[in-house]
Structure formats: C-alpha cells, structure tokens
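1. quick one, structure for this:
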Amino acid sequence: MCLAIPALVKSIDGHQAEVEIDGVTRQASIQLTPEVKVGDYVLLHTGYAINVIDQAEAEGTHMLLRELSEVC
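-> Numbers count the residues shown, from 1 in each chain. The predicted structure is shown next:
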C-alpha cells in the first residue's frame with residue numbers, strides 16, 4: 001500500500017520545493033507537477049509532489065491521519 005500525504009509548498013527553487021507537513025519542512029521534487037505555485041497544497045509521495053490539491057482536501061486528509069494515529 002502506498003500513501004501520499006498533503007504538504008504545503010513554502011518555496012520553489014527550480015524543480016525543488018520546500019514543503020511543510022504539520023510544521024515539519026522537507027525538500028521535494030516538483031518535476032511531476034510543474035504547475036505548482038507557492039501556497040499550493042500537493043500530495044507528496046516518496047519525496048515527489050504527484051498532484052496539486054485544494055486546501056479543504058489537504059486539511060481533511062490531515063484530520064483523518066491525526067484521528068488514525070490516535071486509534072493506533
């Protein structure tokens with residue numbers, strides 16, 4: 001099973017972006033999502049942004065992941 005998690009794009013430098021996930025920043029490749037802009041949310045899988053999503057979807061997914069972590 002694969003999991004892609006929502007991340008907020010904080011900055012872009014070429015094909016790399018700094019993204020934030022619940023306060024943690026990471027570098028991610030945006031080669032698969034060249035349309036992405038600072039402030040967009042992306043689905044991040046193994047260091048690659050694979051899709052641009054809206055804020056509501058990102059927040060909903062984060063909420064579900066938090067709930068899941070409380071159950072496990």
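2. with just CA atoms, put the longest strand along the chain into CSV.
-> If you go by DSSP state E, the chain has its longest strand at strand 5-13. What follows is strand 5-13, C-alpha atoms only, in CSV (Å, rounded to 0.1, in the frame of the first residue of the first chain):
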residue,chain,number,x,y,z
ILE,A,5,0.3,13.0,2.3
PRO,A,6,-0.7,16.6,1.8
ALA,A,7,2.1,19.2,2.0
LEU,A,8,2.1,23.0,1.7
VAL,A,9,4.5,24.5,-0.7
LYS,A,10,6.6,27.1,1.1
SER,A,11,9.2,28.0,-1.6
ILE,A,12,10.3,26.9,-5.0
ASP,A,13,13.8,26.7,-6.5
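3. following that strand, which helix or strand comes up?
-> strand 16-21 (DSSP states H and E).
4. buried residues in that next one?
-> Residues 17-19, 21 are the ones in strand 16-21 that count as buried (16 or more other CB atoms under 10 Å). All C-beta spots, glycine's among them, are computed from the backbone N, C-alpha and C.
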